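Asks: sequence first, predicted model second:
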Amino acid sequence: MRTLPIVWQRLVGAQGTTCPRCRGTGEEVRRAVAQLRTVLESLGIEPVLEEREIDQAAFLRDPLQSNQVLISGRPLDDWLGGRTGSSRCCNECGDRECRTLEVDGQTYETIPEDLVLRAGLIAAAHLPDAAPCPRACSAACCDTAKASDDAAAAGPRPG
């Protein structure tokens, strides 16, 4: 089974806490991955979620790494033709601004499940060999099998 890697990363403070924006995104990402698992299973694709923690030092170096979702190594924004932005968040983030996402003219602080699901489906369609052979054989075999199936469906040849 092929995998669809999904990474969600966020700031985690010394007390193990994260901001409400990141916490909400985490819940949305988990629900989206559960839906993707159901939808993609029949295609031989398994979404695999990795949750990464960013410490305060890494966050201070690059705040936009927090609350980021990567699918197949690309930011979710890329898959949806969106843009990364930022806005003031909360005490967890100090005086730094947290990542936002703009898609179709709408700005999101918490990334909703439907956007993660949509980006996941687009990414899955771009996986190598996105349409697996139902007979678990090579492409040449499928071409031969398809020709054989087509001939059988056409019925007997006139003699």
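Replies: Looks like it came in fine.
Asks: element containing Pro128?
Replies: Counting by DSSP states H and E, there is no helix or strand that carries Pro128.
Asks: so where do the strands sit in this structure?
Replies: Under the criterion DSSP state E, strands of the chain are mapped to 2-11, 45-54, 68-71, 74-75, 83-88, 97-103, 106-108.
Asks: okay if I get these as a markdown table plus distance to Leu115 and mean pLDDT?
Replies: Just so you know, the C-beta spots here come from the backbone N, C-alpha and C atoms, and that holds for glycine as well. Shown next, in a markdown table, are the strands of the chain (distance: least, CB to CB, whole Å; pLDDT from 0 to 100):
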| stretch | distance to Leu115 | mean pLDDT |
| --- | --- | --- |
| strand 2-11 | 13 | 95 |
| strand 45-54 | 15 | 96 |
| strand 68-71 | 9 | 97 |
| strand 74-75 | 12 | 96 |
| strand 83-88 | 13 | 88 |
| strand 97-103 | 6 | 90 |
| strand 106-108 | 7 | 96 |
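Asks: and those strands: which comes nearest Arg118?
Replies: strand 97-103 (8.9 Å; CB to CB).
Asks: note down every partner strand of that closest one and its orientation.
Replies: strand 83-88 (antiparallel), strand 106-108 (antiparallel) (DSSP bridges).
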